[in-house]
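S.K.: with the input below, show me the fold.
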Amino acid sequence: MATLIRTIWLGYGFIFDELADPRTKSWFLVAKPYQGLCVLGLYLLFVLKIGPNWMKNRQPFNVDKLMIIHNLIQVVACSYVFYEAIIYAWGWNYRWFCEPIDYSYTEHALNVAGMAHHYYMLKYLDLLDTIFFVLRKKSNQISFLHIYHHTGMVMMIWGAVTYFPGGHGTLIGMVNSFVHVVMYGYYLLTVAMPSVKQSLWWKKHITQIQIIQLAWCCIHMFVLVFKQDCEYPRWVAILFLPNDLFMLTLFVDFYIRTYIKKPKVTPVQSESKEKMFEESIVRQRTVVDSQKEL
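M.R.: Numbering: from 1, shown residues only. Next up is the predicted model:
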């Protein structure tokens with residue numbers, strides 16, 4: 001038993017200490033894997049169990065002011081990360097089809113790693129979206145796609161910052177940050193100015209942009225699988241690509257169900273609606289008759 005415990009302990013130290021990038025492994029929410037897992041555990045517990053039960057017999061909270069602040073912070077923060085990705089990586093001298101990771105302690109390499117960490121922090125900020133859904137009793141928006149996407153991004157970007165903070169994979173952070181600027185800009189406008197919500201024509205196109213983003217990221221990682229001479233870790237592409245394809249499938253399915261396929265009204269539903277309408281007419285007539293008698 002003691003040998004087994006020692007083997008597990010040594011394996012833990014090897015994976016999460018020796019293999020980790022020494023430049024980033026002491027950074028906030030990077031040092032120990034259980035830190036992020038605890039945050040995700042509390043998040044899932046609240047949005048799936050505690051929160052809905054707590055709100056069951058309560059009226060929805062008005063969190064518009066908090067959402068305005070949250071969306072504004074997201075727009076500014078995502079814009080900054082996108083700016084960092086441009087000046088430190090993809091607008092600098094990064095190669096589109098293969099960019100190795102610079103593990104040195106040069107100012108530029110540390111700036112790229114810092115940019116990856118900033119992007120990682122934003123994934124925790126994204127979790128507030130679900131908490132707002134719970135407080136507003138918008139349980140229909142807490143879908144499998146939503147939960148999987150938010151928790152999965154935290155875990156994947158933790159791995160990126162811990163083991164490969166730079167190089168080829170940073171394109172995902174750059175593109176995703178740009179998409180989030182557009183997305184949270186839309187959310188900000190709809191909450192701050194509800195009167196213009198109907199005139200905002202780009203809601204449908206946000207999902208289209210997300211699909212294009214995921215397709216681009218899939219192609220970007222797919223290149224590494226067959227590129228023999230690239231020094232970027234191929235196992236990263238092999239690990240991330242199935243998840244990206246799965247996410248792409250979920251988003252495409254969501255788009256088709258939401259914007260292409262219209263919900264069909266069955267004969268039973270139609271008959272039920274007609275019956276409800278007739279009953280409402282009868283109730284109205286009863287009220288009118290009783291008022292006449294008075």
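
S.K.: excluding chain neighbours, what is closest to Pro233?
M.R.: Leaving out its chain neighbours, the residue that sits closest to Pro233 by C-beta to C-beta, 6 or more residues apart in numbering is Phe164, at 6.1 Å. (Glycine included, C-beta is placed from N, CA and C.)

S.K.: how many residues are close by that neighbour?
M.R.: Number of residues near Phe164 (other C-beta atoms under 10 Å) recorded here: 22.

S.K.: and Tyr88, by the same measure?
M.R.: Neighbour tally, Tyr88, other C-beta under 10 Å: 23.

S.K.: surely it touches His108?
M.R.: Yes - here Tyr88 reaches His108: they are 6.7 Å apart, a contact under C-beta atoms under 8 Å.

S.K.: and Trp201, how far is that from Leu189?
M.R.: From Trp201 across to Leu189, the span is 12 Å (C-beta to C-beta, to the nearest Å).

S.K.: more neighbours, those two?
M.R.: Leu189 (16 against 7).

S.K.: does the more buried one touch Ser195 like I think?
M.R.: No - with contact defined as C-beta under 8 Å, Leu189 does not count as touching Ser195 (10.4 Å).

S.K.: show me the helices in the stretch 1-150 of the chain, by range?
M.R.: Here the stretch 1-150 of the chain has its helices, by DSSP state H, counting those that start in this stretch, at 2-13, 33-45, 51-55, 64-85, 107-125, 128-135, 144-163.

S.K.: the stretch 151-294 of the chain now?
M.R.: Going by DSSP H, counting those that start in this stretch, the stretch 151-294 of the chain shows helices at 170-192, 203-226, 234-255, 267-293.

S.K.: quick one: buried residues of the first one?
M.R.: I take that to be helix 170-192. 170-181, 183-191 (16 or more other C-beta atoms under 10 Å).

S.K.: of all the helices of the stretch 1-150 of the chain, which one is nearest Leu19?
M.R.: Proximity to Leu19 (C-beta to C-beta) singles out helix 144-163 among those, at 6.5 Å.

S.K.: now do the closest one against helix 170-192, angle only.
M.R.: Counting by axes from the mean of the first three to the mean of the last three C-alpha atoms, to 10 degrees, helix 144-163 lies at 140 degrees to helix 170-192.

S.K.: buried sites along helix 144-163?
M.R.: Quick answer for helix 144-163 (16+ other C-beta under 10 Å): 146, 149-151, 153-154, 156-163.

S.K.: closest to Gln59 out of those residues?
M.R.: Here the nearest of these to Gln59, counting by C-beta to C-beta, is His146; it sits at 23.0 Å.

S.K.: next up, the contacts around the closest one.
M.R.: 129-130 (C-beta atoms under 8 Å, 6 or more residues apart in numbering).

S.K.: what's the spacing between it and Thr130?
M.R.: Distance from His146 to Thr130, by C-beta to C-beta: 7 Å.

S.K.: what of Ile86?
M.R.: Counting by C-beta to C-beta - Ile86 and Thr130 are separated by 30 Å.

S.K.: neighbour count for the two, which is higher?
M.R.: Thr130 (22 against 15).

S.K.: could I get the helices of the stretch 1-150 of the chain as CSV with distance to Ile212?
M.R.: Formatted as CSV, the helices of the stretch 1-150 of the chain follow (distance: least, C-beta to C-beta, whole Å):
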stretch, distance to Ile212
helix 2-13, 40
helix 33-45, 28
helix 51-55, 33
helix 64-85, 16
helix 107-125, 19
helix 128-135, 21
helix 144-163, 16
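
S.K.: lowest-confidence stretch among the ones you listed?
M.R.: Across the helices of the stretch 1-150 of the chain, helix 2-13 has the smallest mean pLDDT, namely a mean of 79.
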